[in-house]
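Q: task: produce atomic coordinates for the following.
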Amino acid sequence: MAVSYMDFTSPNAQFTYDVNRNTTFRKDQRNFINMLSIHQINTLGNMSFFDTYLDKGNVVEMHIHQNASELVYCLSGEVVVSIINPFTKELKHYPTRPGWATSIPQGWWHYDTATMDGTRFLAIFDQPIPEFILASDMLRLTPPEAFAHTYCLDVEKVRAAFAPLNQSVIIGPPLGCHQPNPQAQAQQTSTPHTYHPPYNQGYGLRPYQQSDGNPRQPQVIGNGWAHLYHDGP
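A: Numbering: from 1, shown residues only. Here you go, the predicted model:
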């Protein structure tokens, strides 16, 4: 396999970038994700990150990163990182506050829930371009008949449940959703990882505005399904 090397003497070598210019996903003015990868800084090497802003109750939906391990580092607020361990078959919730980090091994199913307004965290990867597979895509692209047949379910109920999922969600619940599931919410909040790290103020938030020089149009997120969330302290 051919290996390419970066010429660090080249005038095309990039060493800095305003990450605010690369808003990859946006739900609204206070819930969005900025991204830095080798596409923005070509000298980056094997690393990249998502800079994520969430208000309380917003969730980066269930997903895996098939090509990268992830480290969640909280800058402000609190994010609960929920992970399914494929070896123990356990779901664990890890409250992560400013100055704390949570590790997510490559390929592990997880999601991230803000329990405070103004939550901001970095999702740092050991690959120059992280890949991901989203739950919303798997659910909306799998025929209802396949779920019904495989798990002995009512096909019409499956079809009705997933009908609103007509595009990727990324950040949920979608705008306009007013149907939380209290029973599911109570189930999750009763089983979190109980240790809360010490709180500190963190770095605070920048204004929730994009740079005028943004070369890409952010994706508008919506039309997903209601998701339970951890209420936090």
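Q: can you tell me how far the residue most central in space within the chain is from Ile170?
A: Taking C-alpha atoms, centre = their mean as the criterion, Val60 is the residue nearest the geometric centre of the chain, at 3.5 Å. Distance of Val60 to Ile170, given as C-beta to C-beta, to the nearest Å: 7 Å. The C-beta positions use only the backbone N, C-alpha and C, and glycine is treated the same way.
Q: rewinding a little: next one: phi and psi at the residue nearest to the centre of the chain?
A: Per-residue torsions, Val60: phi -80, psi 120 (degrees, to the nearest 10).
Q: start the count at 657, not 1, going forward
A: Sounds good: first residue 657 from here, last item Val716.
Q: look up the closest residue to it, ignoring the ones flanking it.
A: Asp768 (4.2 Å; C-beta to C-beta, 6 or more residues apart in numbering).
Q: now for Arg796: which residues touch it?
A: Contacts for Arg796 (C-beta atoms under 8 Å, 6 or more residues apart in numbering) come out as 818, 821-823.
Q: tell me if it really is in a helix.
A: Yes: checked against DSSP: H, G, I helix; E, B strand; the rest coil, Arg796 lies within a helix.
Q: and the helices in this structure, which stretches?
A: 791-797, 800-807, 811-818, 838-845 (DSSP state H).
Q: and the third one, how far out from the chain's middle?
A: Right, the one you point to is helix 811-818. 26 Å (C-alpha atoms, centre = their mean, to the nearest Å).
Q: same check on the second one?
A: Helix 800-807 sits 28 Å away from the centroid of its parent chain (C-alpha atoms, centre = their mean).
Q: sorry, back to before: so what's in contact with Val716 and Ile826 at the same time?
A: Common neighbours of Val716 and Ile826 (C-beta under 8 Å, 6+ apart) are Ile689.
Q: so Pro784 makes contact with Ile694?
A: Yes: taking contacts as C-beta atoms under 8 Å, Pro784 lies within contact range of Ile694: 3.7 Å.
Q: overlap in contacts, those two.
A: What both Pro784 and Ile694 touch, as defined by C-beta under 8 Å, 6+ apart, is the set 700-701, 704.
Q: out of the helices of the chain, nearest to Ala724?
A: helix 791-797 (17.7 Å; C-beta to C-beta).
Q: model confidence over that closest one, on average?
A: Averaged across helix 791-797, pLDDT comes to 97.
Q: from the middle of its chain, how far away would that helix be?
A: With C-alpha atoms, centre = their mean, you get 15 Å for helix 791-797.
Q: ok, and the helix or strand in this structure with the lowest average confidence?
A: strand 875-876 (a mean of 34; mean pLDDT, DSSP states H and E).
Q: for the chain, which residues score under the pLDDT cut-off?
A: 657-660, 835-889 (pLDDT under 70).
Q: one more time with 50
A: Low-confidence segments of the chain, defined by pLDDT under 50: 657-659, 838-840, 842-889.
Q: which stretches in this protein count as strands?
A: In the chain, the segments counted as strands under DSSP state E are 679-684, 687-692, 704-710, 715-720, 726-732, 735-741, 746-752, 757-760, 766-770, 775-781, 789-790, 827-828, 875-876.
Q: quick one: terminal-to-terminal distance for stretch 686-702?
A: 29 Å (C-alpha to C-alpha, to the nearest Å).
Q: give the buried residues for that stretch.
A: The neighbour-count check on stretch 686-702 (16 or more other C-beta atoms under 10 Å) flags 687-694, 696-698, 700 as buried.
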